[in-house]
Structure formats: structure tokens, C-alpha cells
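>>> Sequence plus predicted model, see below.
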Amino acid sequence: MIYFIGAGPGDPELITVKGSRLLAEADMVIYTGSLVNPAVLNYCRTGAEIYNSAGMDLQEILSLMRRACQEGKTVARVHTGDPSLYGAIQEQMDALIEENLPFTVIPGVSSFLAAAAAVPHELTLPEISQTVILTRIEGRTPVPEKEKLSSLAAHHCTMCIFLSVHLIDQVVEELLAGGYSSDTPVVIVEKASWPDEQVVRGTLKTISGIIKEAGITRQAMILVGQAFDTAYQPSKLYDRNFSHGFRGQ
């Protein structure tokens, strides 16, 4: 059996209980060494085969999985965050299906959630934003035309922008073109949940200079939206005058 495991955003204690248990039981561990905190490997049992996939191509990764399955071994394929977001697991799963090799996906804590916790701030606020867009700017990976930042910005909701901090000037330009005002709050969280986590705040007008001064060039989440610095109406959920199925009937 092959388990795709979300390792979480960095803090090794943010892997799920199930993920850590399966990692501890695995005979072979293949982890994305470019992003996964090596401390997660402390869950591995003594004698487990451990491979860093950072320098491998798809066929090399599949070859390891195939061999392990043929030998009756359990594989932990460890991805950063949650493997369903920018994890490139679809081609791995499709290849395993084609070869009739069994697998299961164990979700993880995404870095956008760790970033919100680091601020700390709720991403959805009544009458401000009830929608969160998870996206990235176009780089070497193409983005569909309808999903350009300038198009998504027209919604004025909360946005969590992955893999884009190195193109911050272009990000700002597209968000302004899409309709965000220059005073829209922006929070950058570098290495969310890692020991050297860094949080910087600004606006679309100021954030580019701020993060350049801070030396942030990668492994950072861009959080954008009025939710991060504006007045809001408290939720009805805990309003004593608001009744619902669990209170006030």
C-alpha cells in the first residue's frame, strides 16, 4: 500500500495523528525534501528506507513505489501541506491506477491555514468576506486566462496566494488592475509554523518595499483582503438574541 501523506506546513506536530502513525509504520519513505521539514522524518521507524524526491523525476519516484509494492512493503509518500494543493500528486495517482497499485491519500494542514493562524486572523468575516480564493500567479506553470489574479481580484474577497512572493511586483500590479484599492491590507507569512516564521504587514501600496527590505523571496504566503484590517459585524453564531438548532429554542 502507498500512502500519500500531507506533512503539514512545517511544524512537525501539525502532521495529523493518522499521518504520523502511517509514517512510523512505513517500510519506505519518499519525501519532498525541498519543502518538507526534515524533523517530520523523526517519526520514521529505524531501518526504514528514506528517499528525498527533490532531485527525482516522476519515473524515478514511481520506480521506487513499484519496487516497494512488489516486495510487499508499505510506502509513505510525504508531501508538504496538503497534497491536494499544488502537490503534483495527480500524475502519481494516475500512474498508480494504471498499474493497479493501491494507494490512499491522508490530508494535511495547508500552509494557508498555518499562515492565518500565524497572523492570527479569521479569513472570513461577516459582511466583509465570506469567500476565500486559493490561487497563485502565473509563472513557469501556466494559469488559465479566467483565473488571472486581475480577474479574481474583481471579487474583492480574501485571497491566499501561493508560490508568488518572488513576483510580488507583478502580484500587486494585477491585484490593483483587478479592482483592489491601494490601501487594501496585505499580510505576508514566510515559513508559516517553522521556527523562523516571519510575519510582515502592509498594503498593496507598501508591501513590495516591505518584503524586499525583509529579504523574503520564497516559501511565503500572501494574504490579501479587507478582512485583515477593517471593522466588521460580529457573527450571529454567539449572539444571545440569535436562536438556532442548538440554542434558544
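Alright, I've got the coordinates.
>>> top helix in this protein by residue count?
helix 58-70 (DSSP state H).
>>> This protein: strands as residue ranges?
2-6, 28-31, 49-52, 75-79, 103-106, 132-136, 158-162, 185-190, 198-203, 220-224 (DSSP state E).
>>> In a markdown table, list those strands along with mean pLDDT and mean neighbour count.
Where C-beta positions appear, they are placed from N, C-alpha and C, glycine not excepted. Putting these into a markdown table (pLDDT from 0 to 100; neighbours: other C-beta atoms under 10 Å) gives the following:
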| stretch | mean pLDDT | mean neighbour count |
| --- | --- | --- |
| strand 2-6 | 98 | 25 |
| strand 28-31 | 98 | 24 |
| strand 49-52 | 97 | 16 |
| strand 75-79 | 98 | 27 |
| strand 103-106 | 98 | 17 |
| strand 132-136 | 97 | 16 |
| strand 158-162 | 97 | 24 |
| strand 185-190 | 98 | 24 |
| strand 198-203 | 97 | 16 |
| strand 220-224 | 98 | 26 |
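>>> would a markdown table of those strands with distance to Thr16 be doable?
Shown next, in a markdown table, are those (distance: least, C-beta to C-beta, whole Å):
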| stretch | distance to Thr16 |
| --- | --- |
| strand 2-6 | 7 |
| strand 28-31 | 16 |
| strand 49-52 | 20 |
| strand 75-79 | 12 |
| strand 103-106 | 7 |
| strand 132-136 | 20 |
| strand 158-162 | 21 |
| strand 185-190 | 21 |
| strand 198-203 | 25 |
| strand 220-224 | 20 |
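>>> how about the nearest residue to Leu113 once chain neighbours are set aside, phi and psi?
Of all residues not flanking Leu113 in the chain, Pro9 sits nearest, at 7.5 Å (C-beta to C-beta, 6 or more residues apart in numbering). For Pro9, the backbone dihedrals are phi -80, psi -20 (criterion: degrees, to the nearest 10).
>>> dump the residue contacts of Pro9.
80-81, 109-111, 113-115, 192-194 (C-beta atoms under 8 Å, 6 or more residues apart in numbering).
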